[in-house]
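**Student:** sharing a sequence plus its predicted fold:
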Amino acid sequence: MFLARITGNVTATQKVDAMVGQTLFVVEPLRVNEKTGEDLQPTGRTFIAVDTVGAGEGEVVLIVQGSSARFTEDTKTLPIDCAIIGIVDDVRLGASSIYKAGD
């Protein structure tokens, strides 16, 4: 699992039947700031992920990849390898909050 920020969406009018009605987002993985440890920084990579939780653009989300992306009831029949499985409210390292939704 990893953290990512939703940076955009994908529209595909032609797709396999199993993907009809699925929301696709562009997500950018995040990592803890290596210098300060005080915030989350983008990695510069991007993935396309299927949304399973009703997330929205700009939110920080929890992502799974590979076969784990197909372990939910909603995704077990989909041809995917990346899924959003949670919307992050808070990230803490020790006593410090390095991310809080809405800040």
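**Tutor:** In hand now; what should we look at? Numbering: from 1, shown residues only.
**Student:** now the helices for this protein?
**Tutor:** Shown for the chain, no helices are assigned by DSSP state H.
**Student:** what segments of it are strands?
**Tutor:** Assigned by DSSP state E, the chain shows strands spanning 2-10, 24-32, 40-42, 47-51, 60-65, 82-87, 90-93, 96-100.
**Student:** okay, the ones you listed in JSON lines with mean pLDDT, mean neighbour count and distance to residue 16 next?
**Tutor:** Where C-beta positions appear, they are placed from N, C-alpha and C, glycine not excepted. Shown next, in JSON lines, are those (pLDDT from 0 to 100; neighbours: other C-beta atoms under 10 Å; distance: least, C-beta to C-beta, whole Å):
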{"stretch": "strand 2-10", "mean pLDDT": "98", "mean neighbour count": "16", "distance to residue 16": "14"}
{"stretch": "strand 24-32", "mean pLDDT": "98", "mean neighbour count": "19", "distance to residue 16": "13"}
{"stretch": "strand 40-42", "mean pLDDT": "96", "mean neighbour count": "15", "distance to residue 16": "31"}
{"stretch": "strand 47-51", "mean pLDDT": "97", "mean neighbour count": "20", "distance to residue 16": "13"}
{"stretch": "strand 60-65", "mean pLDDT": "97", "mean neighbour count": "20", "distance to residue 16": "20"}
{"stretch": "strand 82-87", "mean pLDDT": "97", "mean neighbour count": "20", "distance to residue 16": "16"}
{"stretch": "strand 90-93", "mean pLDDT": "95", "mean neighbour count": "12", "distance to residue 16": "35"}
{"stretch": "strand 96-100", "mean pLDDT": "94", "mean neighbour count": "14", "distance to residue 16": "35"}
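**Student:** and residue 71, which of those is closest to it?
**Tutor:** Closest to residue 71 of the strands of the chain, according to C-beta to C-beta: strand 60-65, at 7.6 Å.
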